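>>> Here is a sequence with its predicted model. Questions after.
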Amino acid sequence: MPQLNGKVALVTGGSRGLGSGISICLARAGAAAVVVNSLTRSAAAEKTIEAVRAAGAKALFVPADIRSEASVEEMFALIDTEFGRIDILVNNAGIVVRQDIFETSLKDWHDIIETHLTGMFLCSKAAMLRMREQRSGRIIQISSVVAWRGAIHGFVHYATAKGGQIGFTHTLARTAAPFGITVNAVAPGVIETDMLHQAHREQEIQNLANEIPLGLGTLDDVGSAVVFLASDDAKHITGATLDVNGGMYFR
């Protein structure tokens with residue numbers, strides 16, 4: 001497995017689901033410290049922190065609203081104080097609401113867009129300011145297969161945000177490259193998480209699983225992809241999106 005010895009990582013939305021799985025995989029790969037972010041501290045966050053520490057990394061929980069510039073700056077200032085650097089940023093925080101366009105209010109639209117896109121922008125900018133001084137760093141977006149194929153059951157705001165993350169990745173990669181920073185994305189397909197069961201009915205999930213050649217994905221499938229992109233093994237990869245969808249969609 002690629003090694004991340006000595007690296008300090010931040011995972012937004014890291015307390016549960018994909019974020020928790022990614023945080024734990026980074027720790028298992030040798031990261032020195034994993035900063036776990038979510039809006040509030042929860043039992044799930046505590047469990048993730050315990051698992052990160054059990055894997056051998058330092059763990060720091062930082063509650064922050066990534067939609068707020070002031071909150072993001074406070075989070076990164078704390079990381080500066082605790083660790084003096086940031087090597088890996090995983091923009092994972094996200095929400096999903098089962099709605100089609102007729103059911104989506106302007107507030108619903110803004111909630112999804114601000115969490116996925118504005119939060120990603122604010123965290124990436126704060127990280128890049130620090131990585132630029134270090135002349136190194138890894139920024140990784142957690143997008144989705146819906147960025148390529150569209151969402152199946154409505155979710156127009158979610159699919160739009162996930163597509164926007166890909167465009168952001170392409171553009172930021174060019175800006176970041178002269179400073180030794182790579183910017184990539186991971187586009188999971190249908191992964192076994194609590195969010196999956198919140199957004200889809202059980203029969204829908206089973207139907208999807210039956211249609212995917214390799215079946216449903218796991219947290220480790222996504223976490224391993226993130227570890228690879230964060231490692232020196234991927235030092236010549238930037239602006240790319242790594243599909244982790246079990247053959248659900250080819251492009």
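Happy to help now that I have it. Residues are numbered from 1 along each chain as shown.
>>> any idea what the residue nearest to Arg67 when sequence neighbours are not counted is structurally, helix, strand or coil?
Nearest residue to Arg67 in three dimensions, chain neighbours excluded: Glu114, at 4.6 Å (Cβ to Cβ, 6 or more residues apart in numbering). C-betas here are computed from N, CA, C, even on glycine. The three-state label for Glu114, taken from DSSP: H, G, I helix; E, B strand; the rest coil, comes out as helix.
>>> cool, and the one 3 residues further on?
What three-state DSSP gives for Leu117 is helix.
>>> do the one 10 residues further on as well
The three-state assignment at Ala127 reads helix, by three-state DSSP.
>>> So it is in contact with Asp87, correct?
No. Counting by Cβ atoms under 8 Å, Ala127 sits too far from Asp87 to count as a contact (9.3 Å).
>>> what is in contact with these two at once?
Gly137 (Cβ atoms under 8 Å, 6 or more residues apart in numbering).
>>> burial count for Ala185?
26 (other Cβ atoms under 10 Å).
>>> can you tell me the helix or strand for it?
Following DSSP states H and E, one finds Ala185 within strand 181-188.
>>> Report the distance from that strand to the chain centre.
9 Å (Cα atoms, centre = their mean, to the nearest Å).
>>> One more: stretch 29-45?
Counting by Cα atoms, centre = their mean, stretch 29-45 comes out at 12 Å from the chain centroid.
>>> Using CSV, list the CA coordinates for that stretch.
Extracted in CSV, the C-alpha atoms of stretch 29-45 (Å, rounded to 0.1, in the frame of the first residue of the first chain):
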residue,chain,number,x,y,z
ALA,A,29,-1.5,4.2,5.3
GLY,A,30,0.8,5.9,7.8
ALA,A,31,-0.4,9.5,8.0
ALA,A,32,1.0,11.2,11.1
ALA,A,33,-2.2,13.0,11.8
VAL,A,34,-5.8,13.1,10.5
VAL,A,35,-8.0,16.1,11.2
VAL,A,36,-11.6,15.0,11.2
ASN,A,37,-14.1,17.8,10.5
SER,A,38,-17.8,18.0,10.6
LEU,A,39,-20.4,20.6,11.6
THR,A,40,-20.9,19.2,15.1
ARG,A,41,-19.3,16.6,17.3
SER,A,42,-21.2,13.3,17.4
ALA,A,43,-21.0,9.7,18.5
ALA,A,44,-20.0,8.8,15.0
ALA,A,45,-17.2,11.4,15.2
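>>> List the buried residues of it.
29-39, 44-45 (16 or more other Cβ atoms under 10 Å).
>>> residues contacting Gly17?
Gly17 neighbours (Cβ under 8 Å, 6+ apart): Thr193, Asp194, Met195, Leu219.
>>> tell me the pLDDT at it?
According to the prediction, Gly17 has pLDDT 93.
>>> how much space between it and Arg98?
As judged by Cβ to Cβ, to the nearest Å, Gly17 and Arg98 stand 16 Å apart.
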